[in-house]
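In: Okay, here's the prediction I keep looking at, along with the sequence it came from:
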Amino acid sequence: MKDSKPRLILVDGNARLRVQIVEKLSPLYTVQDFALLSEALRYTYHWVPDLLVLSANCAQGSYYYGVEAIRLDPVLAMLPIIILLDENSPEQRDLALRAGATSCLAKPYKLSSMTRAISSALNQSVEKRWESLPQLQAEALRSSIAVFRSVTDRIAAGQTIPYQDIGSACQPLLEAVNADAVKLVLQGVRDHDDYTYSHSLRVAMFLAMFGRDIGLSRQSQNVLTIGGLLHDLGKIDIPPLILNKPGRLKADEFEVMKGHVPATLRLLEHCTELPRAAIIIAAQHHEKMDGTGYPNGLTGAKLNELARMAAIADVFSALTDRRVYKRAIPPERAFKIMSEEMQPHLDMHLLEKFRQMLLDTRLY
């Protein structure tokens, strides 16, 4: 079975630097390292990687011809390639891109710059595969990633985002839900390296399905879709090593993680005319029925029903998501955990409705 983590091959002639890079990337990726490109290419036929990180100092002769050879190989032609340049010059970047590199990174670079470059290259590869999906599902994925990115970009630029723009961009997702065309959308986002986006998309679709199942109007379903897609927006500033840490977070790390809720609410202030229901989903999806949730420790009757629905969709998605540190839990196991171990936390009546809905759709 394939690794939960994306597979990377690193090629660099500097042995000490390879050790440092592998150590830093290992929490997020499964990494194999080599001194020479020729050695790495022989290995790829036994262990097909998701991405190649290639230093300009590693190839026998010019790395330019090595990348060209990869692009002519039918097995490796679509492999994302990041070139680590020895100098930050337009000429070197142009040479690497002409050879077929996906992107370039000039030395010296920060770990955060490398992880962003790797994530971006992996996501380009995943999003390229969306082009082969039926039009409805492909448009649902394209529009959702576009609005997710545009919201953060426009907020960073100090711009406001009209609710109408977000609502229109979420319409293809809602159309996929009401056409019972959800499965390919969920499969399409499964390997996306932006976990905040992929998790938010799943929550949005589960909430839209839940809303339809209990008889809400299309307008209300659209609000649920928007609330689900934006509910974790504040996680964009959480360090990847905390966001993707296996096991229990330390107390200080958990405080950082909890900060994504108020951060999300601050970001949503830039979304004009956003319905109160979407804000409630973002504000209360980590609250628990027994008052042990955050950020406000709300209990039972104080929890909005939409927030109770969102909490169920959020937990189910988190359990059944594939993460870099764990494989996806089967739905039946997820529901067992939710109904037995999380009984004080979740609305059991709504949980049973959610479970029955997924059984009826035969999504899994």
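Out: The structure has been received and is ready for your questions. Numbering: from 1, shown residues only.
In: Which residue ranges of this protein form strands?
Out: Taking DSSP state E as the test, the strands found in the chain are 7-11, 30-34, 51-55, 81-85, 103-106, 161-162, 271-272.
In: What strands flank the fifth one, and is each parallel or antiparallel?
Out: What that stands for is strand 103-106. Strand 103-106 pairs in its sheet with strand 81-85 (parallel), by DSSP bridges.
In: Could you report the neighbour count for residue 52?
Out: Using other CB atoms under 10 Å, residue 52 has 25 neighbouring residues. (Each C-beta comes from the backbone N, C-alpha and C, glycine too.)
In: Just send the strands of the chain back as CSV, with mean pLDDT and distance to residue 313 too.
Out: Output for the strands of the chain, formatted as CSV (pLDDT from 0 to 100; distance: least, CB to CB, whole Å):
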stretch, mean pLDDT, distance to residue 313
strand 7-11, 95, 30
strand 30-34, 95, 30
strand 51-55, 94, 31
strand 81-85, 93, 35
strand 103-106, 92, 34
strand 161-162, 88, 23
strand 271-272, 90, 20
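In: out of those strands, nearest to residue 211?
Out: Nearest to residue 211 among the strands of the chain is strand 271-272 (19.8 Å), distances taken as CB to CB.
In: Give me the distance from the closest one to the chain's centre.
Out: From the chain centre to the centre of strand 271-272 is a distance of 24 Å (CA atoms, centre = their mean, to the nearest Å).
In: neighbouring contacts of it?
Out: Under the criterion CB atoms under 8 Å, 6 or more residues apart in numbering, residues 151, 160, 161, 162, 163, 166, 230 lie in contact with strand 271-272.
In: Give me the buried subset of these.
Out: The neighbour-count test (16 or more other CB atoms under 10 Å) marks 151, 161, 166, 230 as buried among the contacts of strand 271-272.
In: Leaving out chain neighbours, which residue sits closest to the first one?
Out: In space, residue 151 comes closest to residue 161 once its chain neighbours are excluded; the distance is 5.7 Å by CB to CB, 6 or more residues apart in numbering.
In: now the contacts of strand 271-272 in TSV, with distance to residue 78?
Out: Shown next, in TSV, are the contacts of strand 271-272 (distance: CB to CB, whole Å):
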residue	distance to residue 78
151	30
160	39
161	34
162	38
163	38
166	32
230	32
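In: and which of those residues is nearest residue 11?
Out: Nearest to residue 11 among these, counting by CB to CB, is residue 151 at 36.8 Å.
In: Surely the closest one and residue 232 touch.
Out: No: at 12.0 Å, residue 151 and residue 232 do not qualify as touching, with contact defined as CB atoms under 8 Å.
In: doesn't residue 23 make contact with residue 31?
Out: No: assessed by CB under 8 Å, residue 31 is found out of contact with residue 23, at 9.2 Å.
In: residue contacts, the spatially closest residue to residue 216 that is not a sequence neighbour?
Out: Nearest residue to residue 216 in three dimensions, chain neighbours excluded: residue 224, at 7.3 Å (CB to CB, 6+ apart). For residue 224, the contacting residues are 204, 207, 208, 210, 211, 216, 277, 281, 306, 309, by CB under 8 Å, 6+ apart.
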